[in-house]
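J.: Just need the structure, nothing else, for what follows:
(one chain, ligands or ions: 1)
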Amino acid sequence: MTEKQEKLEALKKELEAADLPLKGSANLVFGEGDINSAVMFVGEAPGFNEDVQKRPFVGRAGQLLDQCIKEIGWQRADVYITNIVKRRPPENRDPLPEEIEAYKPYLARQIEIIAPKVIATLGRFSMNYFLPFAKISKDHGKIFQAEGRVVFPLYHPAAALRATAVLNELRDDFKKLPAVAAGKLAVPSAADGTAAGTASPSPIKRPEKPAQARLFP
Ligand code: URA
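T.: Prediction:
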């Protein structure tokens, strides 16, 4: 086991043991994928299928996510996928602010261990975790910098399943992802805590070298 794997296993065990909201009513869905990937997708919270399988994005929204990943020539196994809240809220309701708060520190540590170059957020909850002032309809598909990483907000695939216009936007934004991951696209439109669209006081830090051969041949 690599050091990274060990740290993630330890974090998972800690999460399992911690007295957190939703514990007791749902399974832990920690996250999965290539822990050395340059790209980490962060969704909202597991749904019914994710709870049953203890894996993120395996229901209909997950199938669409897989399809979008394939359309840009990647595989699901090339990226890392997780959620902010790591247990399913009852009836698939939106996660409550206190649930997000309680699980936040664990996501922060998961990100620190995996150290992706790009965090692709799925939906507004995840986007607002990194970019509190961003608006999904205006800021999806733009490049931001937050907490020292590139953040690339995407629509949630579940929203894309409900509206063709959103699906088209999601697929278009996905097409930019390889260039974003390779640090080839222009500088961000917002920085930590600033309103989206305002100038960034600190320009984006481009990846110095490709983090993963498979994504950047
Ligand atoms: N929606 C999410 O935000 N996460 C999942 O894992 C599944 C559906």
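
J.: Not counting its neighbours along the chain, what's nearest the spatially most central residue of the chain?
T.: Nearest to the mean C-alpha position of the chain, counting by Cα atoms, centre = their mean, stands residue 42 at 1.7 Å. Nearest residue to residue 42, sequence neighbours excluded (Cβ to Cβ, 6 or more residues apart in numbering): residue 126, at 4.6 Å. Every C-beta, even on glycine, is put in place using the N, C-alpha and C of the backbone.

J.: Next, the nearest residue to residue 73 once chain neighbours are set aside: secondary structure please.
T.: Once flanking residues are discounted, residue 73 sits nearest to residue 178: 7.5 Å by Cβ to Cβ, 6+ apart. Taking DSSP: H, G, I helix; E, B strand; the rest coil as the rule, one finds residue 178 in the helix state.

J.: Look up how far residue 42 lies from residue 178.
T.: Using Cβ to Cβ, to the nearest Å, residue 178 is found at 18 Å from residue 42.

J.: now swap in residue 183 and tell me
T.: Distance from residue 183 to residue 42, by Cβ to Cβ: 19 Å.

J.: swap in residue 27?
T.: Counting by Cβ to Cβ - residue 27 and residue 42 are separated by 19 Å.

J.: picking that back up, in which helix or strand does the residue nearest to residue 42 reside?
T.: helix 124-130 (DSSP states H and E).

J.: And the pLDDT for the residue lying closest to residue 22 once chain neighbours are set aside?
T.: Spatially, and ignoring its direct neighbours in sequence, residue 22 is nearest to residue 87 (3.7 Å; Cβ to Cβ, 6+ apart). With respect to pLDDT, residue 87 scores 98.

J.: For residue 87, give me the backbone phi and psi.
T.: As for residue 87, its main-chain torsions (degrees, to the nearest 10) stand at phi -140, psi 150.

J.: Spit out the contact partners of it.
T.: Neighbouring residues of residue 87 by Cβ atoms under 8 Å, 6 or more residues apart in numbering: 20, 21, 22, 23, 25, 26, 27, 28, 29, 45, 46, 51.

J.: Wait, the residue nearest to residue 73 touches residue 78, no?
T.: No - using Cβ atoms under 8 Å, residue 178 makes no contact with residue 78, being 10.9 Å away.

J.: Tell me where the model's unsure across this protein.
T.: Within the chain, the stretches with pLDDT under 70 are 186-217.

J.: which residues of it fall in strands?
T.: 32-33, 39-43, 80-83, 118-122, 144-146, 149-154 (DSSP state E).

J.: Do any residues in the shortest one lie close to the ligand?
T.: No - contact between strand 32-33 and the ligand, assessed by Cβ under 6 Å from any ligand atom, is absent, since the two come no nearer than 10.2 Å.

J.: re the thing from before, quick one: neighbours of the residue nearest to residue 73, just the number.
T.: 16 (other Cβ atoms under 10 Å).

J.: how close does it sit to residue 106?
T.: The gap separating residue 178 from residue 106 is 29 Å, by Cβ to Cβ.

J.: Also residue 161?
T.: Applying Cβ to Cβ to residue 161 and residue 106 gives a distance of 28 Å.
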